[in-house]
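> Predicted structure and sequence below. I'll ask about it afterward.
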Amino acid sequence: MKKEHLLELINVGVECIIYWSTPDQVTNIIDKQLNRWKIIDQVLDGEYVKNKLIGTSKTWIKLLKNVIEAALFSDSTILFFGESGTGKEMLARLVHTLDKERSLHNIILLDCTTIMPELWEVNSSAMRKVLLLVPYQIVRVLLL
């Protein structure tokens with residue numbers, strides 16, 4: 001499938017695209033995805049999320065599921081940004097709690113309003129995969 005077709009599918013809301021060559025392979029892929037969703041739902045129903053991240057809207061639940069999935073099943077850098085009071089720090093703490101690798105290190109919270117734009121430098125080789133999380137949508141960015 002061509003890259004343009006994949007982007008069209010993503011633009012209309014497709015969240016999971018599966019390639020396979022044998023029926024056993026597709027069964028295995030679907031089974032792994034169902035198990036993944038089960039783990040995400042268990043975390044979502046867990047005490048940490050219920051006690052610290054309050055909300056019931058479909059948008060909020062979808063965001064939480066995406067954050068949990070990124071924390072448990074991705075090694076991508078995660079950057080939260082948005083207006084003051086939207087829960088960025090709470091989401092960062094959730095990721096830090098869930099991810100065994102990240103929890104070995106201190107969490108870094110940065111108030112970007114205190115940094116002058118002229119001081120920002122981006123090393124594109126260090127940022128090959130970045131998962132940007134904004135209050136009402138998820139944007140996956142692959143820097144090539």
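On my side now, so go ahead.
> In the protein, what residue spans correspond to helices?
3-11, 23-44, 47-52, 58-73, 88-98 (DSSP state H).
> tell me what the shortest one is packed against?
Packed against helix 47-52 by the contact rule (3 or more CB pairs under 8 Å, 6 or more residues apart in numbering; DSSP states H and E) you find helix 88-98. In this view, the C-beta of every residue, glycine as well, is placed from N, C-alpha and C.
> what's the spacing between the residue nearest to Leu98 when sequence neighbours are not counted and Ala92?
Spatial nearest neighbour of Leu98, excluding adjacent residues (CB to CB, 6 or more residues apart in numbering): Ala71 at 4.0 Å. Using CB to CB, to the nearest Å, we find Ala71 at a distance of 10 Å from Ala92.
> Comparing the two, which residue is more hemmed in?
Ala71 (23 against 20; other CB atoms under 10 Å).
> need the contact list for that one.
Neighbouring residues of Ala71 by CB atoms under 8 Å, 6 or more residues apart in numbering: Ile78, Leu94, Val95, Leu98, Asp99, Arg102.
> Now stretch 35-46: buried residues?
Buried residues in stretch 35-46, counting neighbours by 16 or more other CB atoms under 10 Å, are found at Ile40, Val43, Leu44.
> Good, we can wrap up now.
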